[in-house]
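>>> coords please:
(one chain, ligands or ions: 2)
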Amino acid sequence: MKALVYHGPGERTWEQVPDPAIEQPTDAIVRIDSSTICGTDLHILKGDVPEVVPGTILGHEAVGTVVEIGDAVTTLQAGDRVLVSCITSCGRCRFCKEGHYGLCTGGGGWIFGHLIDGLQAEYARVPFADTSVYEVPGELTDEQVLFLADILPTSFEVGVLAGGVQPGDTVAIVGAGPIGLAAVMTARLFTPGRIVAIDPAHPRLEKALEFGADLAIDNSSENAVERVQELTDGLGADVAIEAVGLPETFELCADLVRPGGRVANVGVHGHPATLHLERLWIRDVTITTGLVDTFTTPRLLKLIAEGRLDATAFATHRFPLAETMAAYDMFADAANTNALKVVLEAATVAQEPLPREEALVGHDA
Ligand SMILES: [Zn+2]
Ligand SMILES: [Zn+2]
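Ligands and ions are numbered 1, 2, ... in the order given. So this is what the prediction gives:
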């Protein structure tokens, strides 16, 4: 099969690799029908995630079709359409039993395109298949559910839920990239009083308004803290969600939040940020961080199936899976291309294939 392989910092190729095979009885093999690229993949390519070894297939977000199951898999069968999420769950360790799948110590957690081969490929081996994939309701398209593989549960759990967004709240969201926009979208589920999007890039601020933000602030030309204080009787935001991952955006969130408010950090940080405890302690500010657990994925899937949530607007670009290299070039240049998420689509000819076993039998015969 073909896959996008990481060969060390700055090096990636779309190349022929061996087909994945069942290694554990709890594995399934999934044909990738739609995949996507994440900002995290770009971090890996910069060399920021050193545990990713050269030779690893990248990608941790996909919708696909089960083509083979291990002997211990009981809830899936060949032909099932599934969402393959960024988080895998062994289902047996202490953290999985507590719903903290992101912290799984039994071999799960964030493993795709990180510790094992990922999902920007024609096929993938999915460990702990019974407890890690989500069946896609037949009436939903790949694009309707693809962004549940990472950004929606990430922003919902680590931003909106950890931040404790309540009806009527003023929610300040710093960063209007895919994660910030997913926070805008999922914060609305709680009917906040006002969502304020803060970003220096105007195309992103326009997107934030389209996604449901009430106010957009360009913090390169305006003082965001003063603007938010004006809106809130001088108090500040009830909840500030950090969706960038830079020291200055984290520190901005700490300045934006009201006394007794909450800062929910979603951004992936590569450098230390300053925590002004000398100002924050007496203001009773709560700060949370985290990796997504994906315990809300079934709920988000239901919201999409019920027509209450529509994530398709994240798909700004589409490429055939075989053109993943070009898709990376486009996605990495988001400042010019205004890319949010790119959908990598398997070739149409691969949409209705024989299950692979049958294809192999046919070949042998
Ligand atoms: Zn991701
Ligand atoms: Zn576990």
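
>>> List the contacts of residue 167.
By C-beta atoms under 8 Å, 6 or more residues apart in numbering, the contact list for residue 167 reads 190-193. All C-beta atoms are positioned from the backbone trio N, CA, C, and that covers glycine.

>>> let's see it at 6 Å
190-191 (C-beta atoms under 6 Å, 6 or more residues apart in numbering).

>>> And it, how close does it get to ligand 1?
30 Å (C-beta to the ion, to the nearest Å).

>>> quick one: that residue from ligand 2, how far?
Here the criterion is C-beta to the ion. By it, residue 167 lies 34 Å from ligand 2.

>>> which non-adjacent residue is nearest the most centrally placed residue in the chain?
The residue lying closest to the centre of the chain (C-alpha atoms, centre = their mean) is residue 150, at 2.3 Å. Counting by C-beta to C-beta, 6 or more residues apart in numbering, residue 86 is the residue found nearest to residue 150 once chain neighbours are left out, at 4.3 Å.

>>> so the one you found touches residue 148, yeah?
No: under the criterion of C-beta atoms under 6 Å, residue 86 is not in contact with residue 148, lying 9.9 Å apart.

>>> For the closest residue to ligand 1 within the stretch 201-350 of the chain, give me its contacts.
Nearest residue of the stretch 201-350 of the chain to ligand 1 (C-beta to the ion) works out as residue 292 at 8.9 Å. By C-beta under 6 Å, 6+ apart, residue 292 lies in contact with 102, 153-154, 157-158.

>>> can you list those residues in CSV and add secondary structure and neighbour count?
Output for the contacts of residue 292, formatted as CSV (DSSP: H, G, I helix; E, B strand; the rest coil; neighbours: other C-beta atoms under 10 Å):
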residue, secondary structure, neighbour count
102, helix, 24
153, helix, 28
154, helix, 28
157, helix, 23
158, helix, 26
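
>>> which one of these is nearest residue 210?
residue 154 (20.2 Å; C-beta to C-beta).

>>> What sits closest to that closest one if chain neighbours are left out?
Per C-beta to C-beta, 6+ apart, closest to residue 154 is residue 292, 4.1 Å.

>>> re the thing from before, any idea how far the residue nearest to the centre of the chain is from residue 21?
26 Å (C-beta to C-beta, to the nearest Å).

>>> hmm, back to that, next one, pLDDT for the residue of the stretch 201-350 of the chain closest to ligand 1 please.
Looking at residue 292, its pLDDT reads 98.

>>> for residue 120, same thing?
For residue 120, the model assigns a pLDDT of 98.

>>> Summarise which helices and strands the helix or strand where residue 249 lies is packed against.
Using DSSP states H and E, residue 249 maps to helix 247-256. Packing partners of helix 247-256 (3 or more C-beta pairs under 6 Å, 6 or more residues apart in numbering; DSSP states H and E): strand 170-174, helix 224-231, strand 237-242.

>>> In contact with the residue nearest to residue 150, which residues?
Neighbours of residue 86 in contact, by C-beta under 6 Å, 6+ apart: 60-61, 110, 149-150.

>>> just residue 133 next, same as before
Counting by C-beta under 6 Å, 6+ apart, residue 133 touches 82, 84.

>>> For it, list each beta-bridge partner.
The partner list for residue 133 in beta bridges (DSSP bridges) reads residue 84.

>>> Any buried residues in stretch 331-344, and which?
331, 334, 339-344 (16 or more other C-beta atoms under 10 Å).

>>> Would you point out the most distant pair within the residues you listed?
334 and 344 (15.8 Å).

>>> ok, back up a step: select from the contacts of residue 86 every entry located in strands.
With DSSP state E as the criterion, strands contain none of the contacts of residue 86.

>>> tell me the SS of residue 160?
The assignment at residue 160 comes out as helix when based on DSSP: H, G, I helix; E, B strand; the rest coil.

>>> My guess is it contacts residue 189. True?
No: the pair residue 160 / residue 189 is not scored as a contact, 7.5 Å apart, by C-beta under 6 Å.

>>> So which of these two has more stuff around it?
Higher neighbour count among residue 160 and residue 189: residue 160, with 27 against 16, using other C-beta atoms under 10 Å.

>>> Please report how far that one lies from residue 169.
Distance from residue 160 to residue 169, by C-beta to C-beta: 10 Å.

>>> Residue 15 too?
From residue 15 to residue 169 the distance is 49 Å (C-beta to C-beta).
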